[in-house]
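Q: Have a look; sequence and predicted model below, questions after that.
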Amino acid sequence: MKVRSSVFACFILVCEVLGVALFLRGFFPAPVKSTLSSNSRLSELPPEPRPNASLPPRLFGRVVLMLVDALREDFLFGPNGRSFMPYTRHLVERGSAHSYVAKARAPTVTMPRIKALTSGSIPGFIDVVVNLNSHALQEDNLVSQAKAAGKRMIFYGDDTWLKLFPKHFQESDGTTSFFVSDYTEVDNNVTRHLDSTLRRDDWDMLILHYLGLDHIGHISGPHSSLVQPKLLEMDDVFKKIHSSLVSKEADGSPPYLLVLCGDHGMSEMGSHGGSSEPEVNTALLLVSPAFRRKGTPLAVEQVDLAPTLALGLGLPVSQNSVGRVLPQILEELPLRDQLRLLHLNGHQLSLLLRDSLPHYQQDPGWEQFRVAEKAHGSWVKLYLEGNASEILQNVGQKVLKQYLQALASMSAALSRQLGRYDMYSMVVGLGLVFQLLVVLVLSMPESLSGAALVDVPLLPVLLSLPFYLLCLLLAALHVWLCTAARSTCFLCALPWGLAFTAVAVTARCLWPRSSFSELDWLLLLGTLGHALLLGSSSFVEEEHQLQHNKDSLVTFKPWTDVKAEKWLALATPPFTLLCCRLLRSLNQTGVQWAHLPDLGHWLNSSEHKAALSLVAAVCLLLIYFLVQRKCSLVSKAALGLGLVGVYTYRAAIGNVSFPWQHSTRHAEKGTVEARFVYVFVLGILFSGTKDLLRSQLSSAPRLRTRGLWEVYAGLVLLVALLFRAHNLPVLCGSLLVQELMSRFVWSRLHYDAAQVTIMHYWFGQAAFYFQGNSNNIGTIDISVGFVGLDSYVEAPAVFLTALSTFSGPTLWSAHLLCYLSRHSSPAAVSHGCYVLALLCSVPCALFLLLITTLRYHLFIWSVFSPKLLYEALQLLLTAGVCLVYTAMETKPGLNQD
């Protein structure tokens, strides 16, 4: 059976997406969890090493947890802390408080951090994917324990808490966390409840989650002029709460506890999600009259707060907690109570360690805890006998140190054991992807032939020797993996037909094929070299450098083919290199040099607003002249008005200004201006779609070419609206390079579809990094998801964020379709579709193999896992692009002109 190479490539990509999804299911493990099904209960707590001992009294009465989203530790403890939060800083230095730098684990996004703060567990990295749509937290946690104990809780703030803990609060008022354009009302909605709530006595725990600081970071970064007023506002709120708690303090009642913390930090770009120091180091402050004055902040893990609060409130520690109680909180207690609370924390960690490690008895922490528990029993015996000598005190201090060492060791062991990989799912997913890649590579000669047809034999494959050998091999692998896991694996329940098909595809890979051409080897080895370098964490972090070098090579490729009289083609490569070099200077990305100043920071400073306004205006003008030439008259007018609307939107939100504006006005949301642009985007897309439909009915190539270009123009206008003002040169430069290469290189030098596709793909990847993206989730700009929206709506927010993030590859792929449809042979689109599939499949498959080999690497979660998600999204995007290519492919026999 013969199929067109575009259809064949689409089929391969769709199957690869399924294989990658299967690999992701096995790679991102479930967090470490106890085997006990129910929550911990007070009745189930172990007795003191000597029986007939009651639990220590609770340490605190009322508890107020004030969570300031994105509260970096330097906002409070840094040099600017005294001016940002003067009252809070005074308590840190001279008050009865304990201060800490709490380290959050990647991914540093809100929902996994709330899970860590309340359950003490380390959420799986895949939680970042479900951060937009949180579900009720089922595992044991502090909030559920407090409710079961009859604690009366009130919550105001981020509605993520209400989704994680439905019906847990007797009173609540949630605010939408993803509408980042709002940094005032979102906090006022919390503070407006404070006065009345603090005067009441009908609550035991008050939880506040302020979002304004995080939203300011997403909009303008940590060095914005808006940061200090917001932190002063938070300082006033903290002062109000502290003063109220102090005034209501009564003799004989348990002391209050006031906690100030951040869920994550904020990168130098204002985002979060990665593992850089500014993103993971958060401020943690505990204030109570039960504490002595402490000064220097100590470094702790963020998960340590959950067991500390649980034991302080007389509640059981959550079953899945890997944290350890903060020993400074216990310093003022009698030694017996200190040992008892440490014993409870150690017992919980030992049970979790037993359920998580197959050879838990060999773990040093387990041995240390058993030794400490035995010594604790001997100490209690002496204590009950009335021995009050100094020796008893020294022995007790020695037991306390043993407990602390055991807790630290067991907590570290559990933190390293983030989860269990499902190796069966990973191996089968990896095998499926590699089978499909081999099929794709072996079909290269047929796919790039003039007919662009691929012969797919079906019956001979099922009768071949490789088919039966592979059946035997995979059956043996299946038995080995299931036996190693000591339980049936996930894929045991899948239909046998699916395994039969996978084996048949592999057998097809081993079917004799023709030899490779020189171009085939060049294409394969060039992409292979890039993929192999991703086995280094440094190359993953600085991949943009490698991509820029590849662009330099592919840009100078025309010089080897240019004749002397074609001076315009000769001048295009150096001009393109100059353009790319200027675009690189806009945004410092990666890790090693991300902290260095760049042109984008210079343009975004308030002193250079006029320069940014001029740059934005010139770029929008050039965008219009580069795009409008192939549009209809109506689309030209819509494009021009839409670009005017883009500038007006940026002026409304305060990024740029009009020449006649002499005074600085208050920045607005720009909702009306953005919607004005959306109207013209939809109009242009509608006009282009109409032309495409008419071309299908009348077989008019020129109408089809104009329709494709107008759809491309609509995407350009939408991306111009989503891009930040200083990134508009990236869009303008990409369009300029497309125009020069199309007019003076690709057509004049008669480049074939494969060569043009390679250059489009690599330029698209470079544009991804030009706009400030990297392989770090923290560089995703989620603020673009709310352009033109009054409130958070999930579907458009996700679409706009994804389009902005991958706008470079998307626009270059759209331009490739326009170029191949107009300038090349009828088989050009099929060739382009196939080459795109190959360019994306090779690095994806090799990276899956590398990450499987490096799954115990030190940087597996901070570096390689985010890159894996980016590769999966890139594969999904390429599959969607190839489906569009296949739908837009010219019918055989249809002339292009």
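A: Alright, I've got the coordinates.
Q: Going by C-alpha atoms from here, please, whenever you check contacts or count neighbours.
A: OK.
Q: low-confidence ranges in the stretch 1-150 of the chain?
A: Across the stretch 1-150 of the chain, residues meeting the criterion (pLDDT under 70) sit at 1, 29-55, 124-135.
Q: can you give me the strands in it?
A: With strands called from DSSP state E, counting those that start in this stretch, the stretch 1-150 of the chain shows them at 2-4, 63-68, 97-103.
Q: Show me the contact partners of the longest one.
A: What it means is strand 97-103. Residues outside strand 97-103 that contact it (CA atoms under 8 Å, 6 or more residues apart in numbering) are 73, 91-92, 280-288, 291-302, 328-329.
Q: Filter those down to just the buried residues.
A: Buried subset of those (neighbour count, 16 or more other CA atoms under 10 Å): 73, 91-92, 280-288, 291-292, 294-295, 297, 300-302, 329.
Q: Which of those fall within strands?
A: Mapping the buried ones among the contacts of strand 97-103 onto strands (DSSP state E) picks out 281-287, 300-301.
Q: The residue nearest in space to the middle of the chain and A372, how far apart?
A: Closest residue to the average C-alpha location of the chain: I777 at 3.6 Å, with CA atoms, centre = their mean. Separation of I777 from A372 (CA to CA, to the nearest Å): 42 Å.
Q: cool, and P86?
A: 43 Å.
Q: what ranges do the helices span in the stretch 501-650 of the chain?
A: With DSSP state H, counting those that start in this stretch, the ranges of helices along the stretch 501-650 of the chain come out as 518-533, 537-541, 543-556, 567-584, 599-604, 609-627, 633-652.
Q: Please apply the same query to the stretch 201-350 of the chain.
A: Under DSSP H, counting those that start in this stretch, the stretch 201-350 of the chain gives helices at 212-220, 227-247, 277-280, 305-312, 335-356.
Q: Among the ones you listed, which comes closest to E542?
A: Nearest of the helices of the stretch 201-350 of the chain to E542, taken as CA to CA: helix 277-280 at 17.3 Å.
Q: How about that closest one, which residues are buried there?
A: Across helix 277-280, burial judged by 16+ other CA under 10 Å covers 278-280.
Q: just how off-centre is it within its chain?
A: Here helix 277-280 is found 14 Å from its chain centre; the criterion is CA atoms, centre = their mean, to the nearest Å.
Q: Tell me which residues are up against it.
A: Residues contacting helix 277-280 (CA under 8 Å, 6+ apart): 72-73, 102-106, 108, 264-268, 272-274.
Q: Please identify which of the residues you listed is nearest to I122.
A: Nearest to I122 out of the contacts of helix 277-280 is R105 (CA to CA; 7.4 Å).
Q: Excluding chain neighbours, give the residue nearest to the closest one in space.
A: Of all residues not flanking R105 in the chain, V280 sits nearest, at 6.5 Å (CA to CA, 6 or more residues apart in numbering).
Q: mind checking how far that neighbour is from A9?
A: For V280 relative to A9 (CA to CA), the value is 42 Å.
Q: Would you mind telling me which of the helices of the stretch 501-650 of the chain is nearest F864?
A: Of the helices of the stretch 501-650 of the chain, nearest to F864 by CA to CA is helix 537-541, at 7.0 Å.
Q: Tell me how many other residues crowd the residue nearest to G262 when sequence neighbours are not counted.
A: Leaving aside its sequence neighbours, G262 sits nearest to L71 (CA to CA, 6+ apart; 4.6 Å). Residues lying near L71 (other CA atoms under 10 Å) number 27.
Q: Contact partners for L71?
A: L71 neighbours (CA under 8 Å, 6+ apart): 213-214, 261-266, 282-283.
Q: and with 7 Å instead?
A: L71 makes contact with 262, 264-265, 282-283, according to CA atoms under 7 Å, 6 or more residues apart in numbering.
Q: Same check on L117?
A: Counted by CA under 7 Å, 6+ apart, L117 has contacts 302-303, 305-306.
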